[in-house]
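Participant: Using only what follows, build the 3D model:
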Amino acid sequence: MQFPELTVIEPTLADGVLELRLNRPDKSNALDDALWQELRTAFYWADATPAVRVVVLSGAGRHFCAGIDLAMLGGIMARIANPDQARSREALRRLILDLQDCLGAVERCRKPVLAAIQGACLGGGLDLACCCDMRYASSDAQFSVREIDIGMVADVGSLQRLPGLIAPGLARELAYTGRDLGADEALRSGLVNQVWVDAEALHAGVLAIARRIAGKSPLAVRGSKEILNYSRDHSVADGLSYVATWNAAMLLSSDLNEAMQAARERRPPQFAD
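Facilitator: Residues are numbered from 1 along each chain as shown. The predicted structure is shown next:
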């Protein structure tokens, strides 16, 4: 399998499960220019590659992601410099929109994305985690909306996605205070699905869930993600109408025939990518 050219993300693919590991452990996997752009590249590739059925996103070293790299943040003023203030601000807006799009590629990926989070998941790291379908954590995980501590409004997704994952009042508390949310509280609040004792157990547990998903009909899994995302952003009536149209097009598939045949023969189904 030919992976895209990546320098700060380590990809591996086996049994339909693509593991993407943020690979800047000496910087706590902080998001520098390369990592922002490679997230988009990696998830575009995952979306377009039939052999990929599920993605597991993790971080090398002790931490998942400590947020935006401060060196990158410090260089933004030079990048948007222009004698005309209006053009400088336009350039900053376009930069923010581009960073939003880099993370949006995770959410737009048709394949389920499972985040395996250990250690710090701060600022932009939390934005990244919120783009995933499910989040799982080790007992040492810490989540925080840290942008408030440097005097800025979080602008790449946590204020938009987090209130849909946890109670809105808790989301506001995190945004206004910048306090840490530990693994146990994250589990109680619904931010994460499950907590494991350490990073090793986390990795094994998330891989087991990913492999179980990879064994299901890829067409049905991709369709389920499409419908869930659409229904999140629309009324119940709109969602029901959309899924009726979807299944009118997709229900009568070879996957359906294989699932029924496998059930009759008492064997695991074998689906095409």
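Participant: Please count neighbours and contacts with C-alpha atoms only from this point.
Facilitator: Fine.
Participant: Run a quick neighbour tally on the nearest residue to P25 once chain neighbours are set aside.
Facilitator: Nearest-residue entry for P25: G61, 4.9 Å, with adjacent residues in sequence omitted and distances by Cα to Cα, 6 or more residues apart in numbering. The tally of other residues near G61 (other Cα atoms under 10 Å) stands at 19.
Participant: What of the one 10 residues further on?
Facilitator: Taking other Cα under 10 Å as the criterion, the count of residues near A71 is 12.
Participant: what does the one 3 residues further on give?
Facilitator: Look at G74: counted by other Cα under 10 Å, it has 10 neighbours.
Participant: and it, how far is that from A214?
Facilitator: Counting by Cα to Cα, to the nearest Å, the gap from G74 to A214 is 41 Å.
Participant: now swap in A259 and tell me
Facilitator: Here the criterion is Cα to Cα. By it, A259 lies 14 Å from A214.
Participant: Looking at these two, which has the bigger crowd around it?
Facilitator: For A259 versus A214, the count of surrounding residues by other Cα under 10 Å is larger for A214: 22 against 18.
Participant: give the contact list for the more buried one.
Facilitator: Contacts of A214 were listed using Cα atoms under 8 Å, 6 or more residues apart in numbering, and they are D15, G16, V17, R53, V54.
Participant: Could I get the phi/psi values of D127?
Facilitator: phi -60, psi -40 (degrees, to the nearest 10).
Participant: Over to A66?
Facilitator: Per degrees, to the nearest 10, the backbone of A66 is at phi -90, psi 10.
Participant: need the contact list for the residue most central in space within the chain.
Facilitator: For the chain, the residue nearest the mean C-alpha position is C132 (2.7 Å; Cα atoms, centre = their mean). C132 sits next to V106, E107, P112, V113, L114, A115 when contact means Cα under 8 Å, 6+ apart.
Participant: Name the SS class of it, please.
Facilitator: Three-state call for C132 (DSSP: H, G, I helix; E, B strand; the rest coil): coil.
Participant: before we move on, what about P11?
Facilitator: P11 falls in the strand class when you classify it by three-state DSSP.
Participant: now the helices: where do they sit in this structure?
Facilitator: 33-48, 70-74, 76-79, 85-108, 124-130, 158-161, 168-177, 183-189, 199-214, 218-232, 236-250, 254-265 (DSSP state H).
Participant: what about the third one, average pLDDT?
Facilitator: On average, the pLDDT along helix 76-79 is 86.
Participant: And it, what does it pack against?
Facilitator: Secondary-structure packing of helix 76-79 (3 or more Cα pairs under 8 Å, 6 or more residues apart in numbering; DSSP states H and E): no helix or strand packs against it.
Participant: Kindly report the same for the longest one.
Facilitator: The criterion is 3+ Cα pairs under 8 Å, 6+ apart, and the helices and strands that helix 85-108 contacts are helix 33-48, helix 124-130.
Participant: one more time with 10 Å, if that's ok
Facilitator: Judged by 3 or more Cα pairs under 10 Å, 6 or more residues apart in numbering; DSSP states H and E, helix 85-108 is in contact with helix 33-48, helix 76-79, helix 124-130, helix 218-232.
Participant: follow-up on the earlier one: determine which stretch of the helices of the chain is the most buried.
Facilitator: Mean neighbours per residue, mean count of other Cα atoms under 10 Å, is largest over the helices of the chain for helix 124-130, with a mean of 27.
Participant: now the closest residue to P269 other than its chain neighbours: how far from Q270?
Facilitator: Nearest residue to P269, sequence neighbours excluded (Cα to Cα, 6+ apart): A262, at 5.1 Å. Distance of A262 to Q270, computed by Cα to Cα: 8 Å.
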